[in-house]
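Peer 1: I'd like to go over a predicted model; first the sequence, then the structure.
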Amino acid sequence: MRVLKLILFTALLPVFAAAKEYKASLFGILSDGVTNNTRSIQKAIDFIHEQGGGQLVFYVGRYVTGGVQLKSNVTIKLEEGAVLVGAPSVYDYNSSGRIRAIISADGQQNIGISGKGVIEGNALSLMANVAVLQQNGYLRSQDFVRPALMGFTNCSNIKIDSVNLWNGSGKAQVFDACSDVVVETVNISSKQVGGTGGIRLLASKNVLIKDTFIDVALQPYIEGSKNNQSIRVDRAIDPAGKLLSVSE
Amino acid sequence: MRRKNVFLAILLSGLSLMAAAKDYSAVSFGAKKDGMSLNSAIIQGAIDYIHEQGGGRLVFDEGKYLTGTIFLKSNVTLHLKKGAVLLGSVNPFDYEKNKYIGWTSMIFAIKQDNIGITGEGMIDGRGFLTAVNMVGNIQKGLVTDPLKYDRPNETNRPQNIYFRECTNVRITGVTLKDPASWNQTYDQCRNLYVDSIHVDSKSYWNNDGIDVVDCDSVVIKNSYFDAADDVICFKSHDATKICQNVIVDNCTGRSSANGLKFGTVSRGGFRNFKVTNLKIIDTYRSAITFAAVDGGFVENIEVDGVRSINTGNVIYLRIGDRWSNGKQPYMKNVRISNVYAEVPATKPDAGYSYEGPIEDLPRNISPASIIGLPQYKIQDVTLKNIEIVYPGGGNPHYARRGLTRAELESIPEMPTAYPEFSQFKELPAWGFYVRHATGIRFENITLRAKESDYRPAIVFDDVQQASFNKVNVAEPAAKSKKQVFLHNTTRSK
């Protein structure tokens, strides 16, 4: 029954994948690796959401951003060579939703991130910034929350596929109270700094993690909780090729 | 007028409470001064931190700090050292249109106390590029804007500073350059102190110098303003509020609109102003213009010491009736003294960016004017020690307004029109025109025309209690022309 539901859900995905495409440049989003695009990307997401949904497409280039919030019926497509680079200041993540992350979403449906591009956490720069702020006494260590690469709260119908999730300073993916989630062909590698994590699932249900590679500092690579339901891990491996399962 | 000294004393004592607080460097919060890295979130983080610590100065050393919208908080001063530039992002999406105020700005402060922007550095809004990028977004359909006059609405374009309902505000030393809308607005603030600032504001439409809206206890001094639109501008947006207790001293203005202006929005009122040592140069419209056109009042205004050079008009006082909503506008007890002015034959702001629009033609050089409405007369205006040099040369074949009853009374009242000195097109005097007023006193007034003009120097129409004491007129080849023409006018002793 559980499997049937997942199959049904997966079959529905192409419906919104075929939605209208919006190129990032339409919103003045710049691929120069310098310009902070946070508010332009947010504007793009809001606009596409208001238009009824679609795909925000990034082609090859480096797109710096702080925390942006995904909205219902919007998917981000990172084409091969496109890199979403996390901004190097902790303050740049004050624009996140409930979970501090480069991409977050709260209470949204039919959302996704796909493509062969990269979400680059920029952990070295970020942790260097944190060190300076702590040295100057501006940031107490207990107040610092490492931003995740993506973090979703109370969302449903999420598909994350094909993307490379690199150099996070915290978790790569956090799903809190989410349902109908597919993580597929995702490559997670966060080894620049210590304390990095893979996937965290809290109070979520109908989650499929499939064909995924995880190489991070902290075990367990896929962290679960007792109140998850219907979690399935299908061919997720660590760097040694060992099959991973979800912890409780 | 004596009460002004009292309010000045109160004002200065209030300001001295802001003692030297702790300094924090912007760079120490991770701000980058490369002109490329966007610092909005970092500067905001720094302001929040300093505010939470009880206050202090956020200090910007030499360098270019790119930023979008930030919100200043109580007890925090942004201190821009010499060579430090807060550089406005040219991405319109980096700015917020604040819902409470209904306006867009780089630096906001709302309901905060003891705040300031100080130092010898600069805020450069780069507004032209931001505005042009905004037009692009509108044309692409990303943003909704009627594009009236083919420009985004001024409330959507970011200006440099918008402070609302703040107390004890200090703006000193800084240069404020190139916003995309007005430049700096202080709205319903109390104890505003502006000293030694330099404003270079002519990058886009509606670039003002300074806008003081419904504020109480204001000092503006030792400052230079160069703006595409009005330079030293007082407004009253709220019919229940008043712009009052204001000192303007030792300021210079250059404008492609007006110099010292009250209005245009004038719903509440303006009272208790003392303006001294004002210099207006290369200004397209009026050096001094007070408008009560939206039901508000203008009362107890003293202007003493004005040099108006290469400026299109010297004085324009106007009561109109645009949207008074039952309120009765009035203007009374205005005293303007010690003025020397030169009005050119050519366009005063020629060659400046965003030159003032050529309009209300055909007309010969417009006179200084005091023009009320039949039911709302401008009251008790004293003009003393005033010399105005005009080009003269008014040509009746180009534009003509004669002195017959029919011609004088055919000048339209235009109660709902936007008030500008040129709005009536040709007026029947070359030096001074007064209509619908009472208690107008001319003391030691000299009007010179460089060339002969077909009109008399002075025309009064529907004026009661006019008085003239030492009025000198010089015009080449005037022969026996009667230079003071009174129509429906009574003189007091």
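Peer 2: Cool, got the structure.
Peer 1: residue A:25 belongs to a helix, doesn't it?
Peer 2: Yes: according to DSSP: H, G, I helix; E, B strand; the rest coil, residue A:25 belongs to a helix.
Peer 1: burial of it, as a residue count?
Peer 2: 14 (other Cβ atoms under 10 Å in any protein chain shown). The C-beta positions use only the backbone N, C-alpha and C, and glycine is treated the same way.
Peer 1: equivalent analysis for residue B:295, please.
Peer 2: Counted with other Cβ under 10 Å, the neighbours of residue B:295 add up to 22.
Peer 1: is it true that it touches residue B:323?
Peer 2: Yes: counting by Cβ atoms under 8 Å, residue B:295 touches residue B:323, with 7.2 Å between them.
Peer 1: now do the shared contacts for the two.
Peer 2: Common neighbours of residue B:295 and residue B:323, using Cβ atoms under 8 Å, 6 or more residues apart in numbering or on different chains, are residue B:267.
Peer 1: measure stretch A:28-37 end to end?
Peer 2: One end of stretch A:28-37 to the other measures 8 Å (Cα to Cα, to the nearest Å).
Peer 1: residues making contact with that stretch?
Peer 2: Here stretch A:28-37 has contacts from A:24, A:40-41, A:44, A:58-66, A:82, A:85, A:87, A:92, B:36-38, B:91, B:93, B:133, B:136-137, using Cβ under 8 Å, 6+ apart.
Peer 1: what do you get if the cut-off is 7 Å, keeping everything else the same?
Peer 2: With Cβ atoms under 7 Å, 6 or more residues apart in numbering or on different chains as the test, stretch A:28-37 has contacts from A:40-41, A:44, A:61-66, A:85, A:87, B:36-38, B:91, B:133.
Peer 1: kindly report the same for stretch B:359-372.
Peer 2: Under Cβ under 7 Å, 6+ apart, the answer for stretch B:359-372 is B:313-319, B:343, B:345, B:378, B:381, B:388, B:390-391, B:394-395, B:398-399, B:421-423, B:425-427, B:429-437, B:440.
Peer 1: can you pull the contacts of the residue most central in space within chain A?
Peer 2: The residue lying closest to the centre of chain A (Cα atoms, centre = their mean) is residue A:150, at 2.6 Å. If you count contacts by Cβ under 7 Å, 6+ apart, residue A:150 has them with A:101, A:102, A:103, A:113, A:173.
Peer 1: which residues does it form beta bridges with?
Peer 2: When assigned by DSSP bridges, residue A:150 has beta-bridge partners residue A:103, residue A:173.
Peer 1: got a list of what residue B:213 touches?
Peer 2: Going by Cβ under 7 Å, 6+ apart, residue B:213 touches B:185, B:186, B:187, B:188, B:235, B:236, B:237, B:243.
Peer 1: show me which residues of the stretch 51-200 of chain B are close to chain A?
Peer 2: For the stretch 51-200 of chain B, the residues found near chain A under the criterion Cβ under 7 Å from any Cβ of the partner chain are B:68, B:91, B:93, B:94, B:133, B:140, B:142.
Peer 1: again, 8 Å this time
Peer 2: Residues of the stretch 51-200 of chain B lying near chain A by Cβ under 8 Å from any Cβ of the partner chain: B:68, B:91, B:93, B:94, B:133, B:136, B:137, B:140, B:142.
Peer 1: report the buried members of the residues you listed.
Peer 2: B:68, B:91, B:93, B:94, B:133, B:137, B:142 (16 or more other Cβ atoms under 10 Å in any protein chain shown).
Peer 1: surely residue B:349 touches residue B:283?
Peer 2: Yes: taking contacts as Cβ under 8 Å, residue B:349 lies within contact range of residue B:283: 6.8 Å.
Peer 1: more crowded one of the two?
Peer 2: A count of neighbours by other Cβ under 10 Å puts residue B:283 above the other of residue B:349 and residue B:283, at 28 against 23.
Peer 1: so that one sits against residue B:307, correct?
Peer 2: No: applying Cβ under 8 Å as the test, residue B:283 and residue B:307 come out as separate, 11.5 Å apart.
Peer 1: re the thing from before, distance to residue B:176 and pLDDT added to the residues of the stretch 51-200 of chain B next to chain A, as TSV?
Peer 2: TSV is the format used below for those (distance: Cβ to Cβ, whole Å; pLDDT from 0 to 100):
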residue	distance to residue B:176	pLDDT
B:68	17	98
B:91	20	98
B:93	23	98
B:94	18	98
B:133	21	97
B:136	25	97
B:137	25	97
B:140	30	96
B:142	29	97
